[in-house]
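S.K.: here's a sequence, model it:
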Amino acid sequence: MTGFASRSGETAGLRWGWELRGVNGKGLELRLRLPDWIEGLEPLVRGEVQKALARGNVQVSLRVQGGGEEVAAELDEAVLARILAAMARIEGAAAGQGLVLAQSSAAQIVALRGVLSANATPAEIPPLRAELMAAFSEALAEFCEMRRNEGTALAEILAAQLAEIEALVAQAGEAVEARRDEQADRLRTQIARVMDQSHGVDETRLAQELALIAVKSDVTEELDRLTAHIGAARELLGGEGAVGRRLDFLMQEFNREANTLCSKSGSAALTQIGLTLKTVIDQMREQVQNVE
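M.R.: Take a look at the predicted model:
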């Protein structure tokens, strides 16, 4: 989900430059650094990004310069007067309630929207905003294309890891077949031990205990579920749209089955396969964090 794109140009004596940067993220976190004096720009930018992206930490910045310097903002005396009057009323009301408010700094007041404005007439804003948004759309398309190219390469990595998981599940199935006779002997020994100590024991309870011994050593369901998860993951990778969160959930299920497989293995060979399986699943889960 990483990406970068930029666009620059010049309009009516103003030079401007867009820059988009993105890194991985569980959801969509958008940070905008835009000139406040270009009214209506922020909601347009935010709307386009939200339509195009579903996950990632994305930073969008715009610099506007005129005459070789960044456009200087001037203090809007009318807006400042209204803000200071409102602050005075708030502080008076708080004092009447016996409350003492923290003092506001000049930097905090200046950061409020509208306190600073650029030397631009209202008639100049709409055409400037339209040109800036046209360039931003191009930059966003380039940004998304870079992410798609990364996604294509990532899909190949995930497909290879799925193939490795599938091969390990097949090896686990072979190991289960190879240990079947050994498992049967162990089960008979456990049954004999229970029977020797079963004098006066309820037969129903005894049958339940014997069934529990058999269930605890059977990993057929775990292998079947792992096979089903492999098919589901391949279907997601071959589909359209954002699949990162669903893949992330599926990796949790992969890990759960691998843990159970190790706990029920009953043989060194199957345990080793299970541990290798867990390693590959963890590696794949790290890559899935990069999927939108």
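S.K.: quick one: the helices in this structure, in order.
M.R.: If DSSP state H is used as the criterion, the helices of the chain fall at 41-52, 77-96, 106-110, 125-178, 180-196, 203-216, 220-237, 244-263, 268-288.
S.K.: could you list the low-confidence segments of the stretch 151-292 of the chain?
M.R.: Across the stretch 151-292 of the chain, the ranges flagged by pLDDT under 70 are 180-188, 190-191, 194-195, 197-217.
S.K.: so Gln289 makes contact with Asn24?
M.R.: Yes. Between Gln289 and Asn24 there is a contact at 5.8 Å, judged by Cβ atoms under 8 Å. Glycine gets a C-beta too; all of them are placed from N, C-alpha and C.
S.K.: quick one on the thing from earlier: Phe4 is nearest to which of the helices of the chain?
M.R.: The closest of these to Phe4 is helix 125-178. By Cβ to Cβ, the value is 6.7 Å.
S.K.: what's that closest one packed up against?
M.R.: Applying 3 or more Cβ pairs under 8 Å, 6 or more residues apart in numbering; DSSP states H and E, we find helix 125-178 packed against strand 3-11, strand 14-23, helix 41-52, strand 56-66, helix 220-237, helix 268-288.
S.K.: 10 Å instead, please
M.R.: Applying 3 or more Cβ pairs under 10 Å, 6 or more residues apart in numbering; DSSP states H and E, one finds that helix 125-178 contacts strand 3-11, strand 14-23, helix 41-52, strand 56-66, helix 220-237, helix 244-263, helix 268-288.
S.K.: reformat these as JSON lines; add distance to Pro35 and mean neighbour count.
M.R.: JSON lines is the format used below for the helices and strands packed on helix 125-178 (distance: least, Cβ to Cβ, whole Å; neighbours: other Cβ atoms under 10 Å):
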{"stretch": "strand 3-11", "distance to Pro35": "13", "mean neighbour count": "15"}
{"stretch": "strand 14-23", "distance to Pro35": "9", "mean neighbour count": "19"}
{"stretch": "helix 41-52", "distance to Pro35": "7", "mean neighbour count": "15"}
{"stretch": "strand 56-66", "distance to Pro35": "5", "mean neighbour count": "18"}
{"stretch": "helix 220-237", "distance to Pro35": "41", "mean neighbour count": "16"}
{"stretch": "helix 244-263", "distance to Pro35": "33", "mean neighbour count": "18"}
{"stretch": "helix 268-288", "distance to Pro35": "38", "mean neighbour count": "17"}
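S.K.: between those, which one is nearest to Arg89?
M.R.: Closest to Arg89 of the helices and strands packed on helix 125-178, according to Cβ to Cβ: helix 41-52, at 28.2 Å.
S.K.: output the helices of the chain in CSV; the columns should cover distance to Trp16.
M.R.: Listed next are these as CSV, based on distance: least, Cβ to Cβ, whole Å:
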stretch, distance to Trp16
helix 41-52, 11
helix 77-96, 24
helix 106-110, 23
helix 125-178, 6
helix 180-196, 72
helix 203-216, 68
helix 220-237, 39
helix 244-263, 33
helix 268-288, 37
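S.K.: can I get the helices and strands packed on helix 125-178 in CSV with distance to Ala78?
M.R.: Below are the helices and strands packed on helix 125-178 laid out as CSV (distance: least, Cβ to Cβ, whole Å):
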stretch, distance to Ala78
strand 3-11, 28
strand 14-23, 25
helix 41-52, 22
strand 56-66, 23
helix 220-237, 56
helix 244-263, 47
helix 268-288, 53
